[in-house]
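Student: Fold the following and give me the result.
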Amino acid sequence: MNVTRHFSDTRTAEGRVRILVQSAQFVLDAEGPGWQHRSVHRDLGDITLELAWLPRLSASLYGEVLEDMARRVQLDGALPGGGATDLPGAA
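Tutor: Numbers count the residues shown, from 1 in each chain. Predicted coordinates for the structure are as follows:
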C-alpha cells in the first residue's frame, strides 16, 4: 500500500512549502505567487539543497522551512524509511 504522510507544511505570505513522505521517499511541493515546484527526493538533505536552488523562494521562507523540518525531526525521531536527518544549512 502506498500511503502518503505529511511531514512538514510551512506557509507564509510569500508562499507555501509542503514535504510529504511517500514510499520511503520525500515529495517536495513548493509554491508562491506565479510559480510552483514539485520534486521527489531520497532524503531531507536533498530537499534542503533543492530549496536553496529555487530562485523564487525567499530567504525568510527557506529559513522557516528549515526550522520546521528540524522541529519535526526532533519530534518524530527516526524518519520513515530511514531517511537521512542531516539538514545542510540548518543551524
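
Student: now the residue nearest the centre of the chain: how far from Thr48?
Tutor: Centrality entry for the chain: nearest residue to the mean C-alpha point is Ile19, 4.2 Å, by CA atoms, centre = their mean. Distance of Ile19 to Thr48, computed by CB to CB, to the nearest Å: 10 Å. Where you see a C-beta, it was placed from the backbone N, CA and C, and this is true even at glycine.

Student: likewise Val21?
Tutor: 15 Å.

Student: just to revisit the earlier point, could I get the contacting residues of the residue nearest to the centre of the chain?
Tutor: Contacts here follow CB atoms under 8 Å, 6 or more residues apart in numbering; on that basis Ile19 touches His6, Phe7, Ser8, Asp9, Phe26, Val27, Leu28, Asp29, Leu44, Ile47, Met69.

Student: In terms of secondary structure, what does the longest helix anywhere in the chain contact?
Tutor: Scanning the chain for the longest helix, with DSSP state H as the assignment, gives helix 59-76. The helices and strands touching helix 59-76, judged by 3 or more CB pairs under 8 Å, 6 or more residues apart in numbering; DSSP states H and E, are strand 4-12, strand 15-22, helix 44-53.

Student: Check which residues of the last one are buried.
Tutor: Judged by neighbour count using 16 or more other CB atoms under 10 Å, the buried positions of helix 44-53 are Leu44, Gly45, Asp46, Ile47, Thr48, Glu50, Leu51.

Student: cool, and the second one?
Tutor: By 16+ other CB under 10 Å, the buried positions in strand 15-22 come out as Gly15, Val17, Arg18, Ile19, Leu20, Val21.
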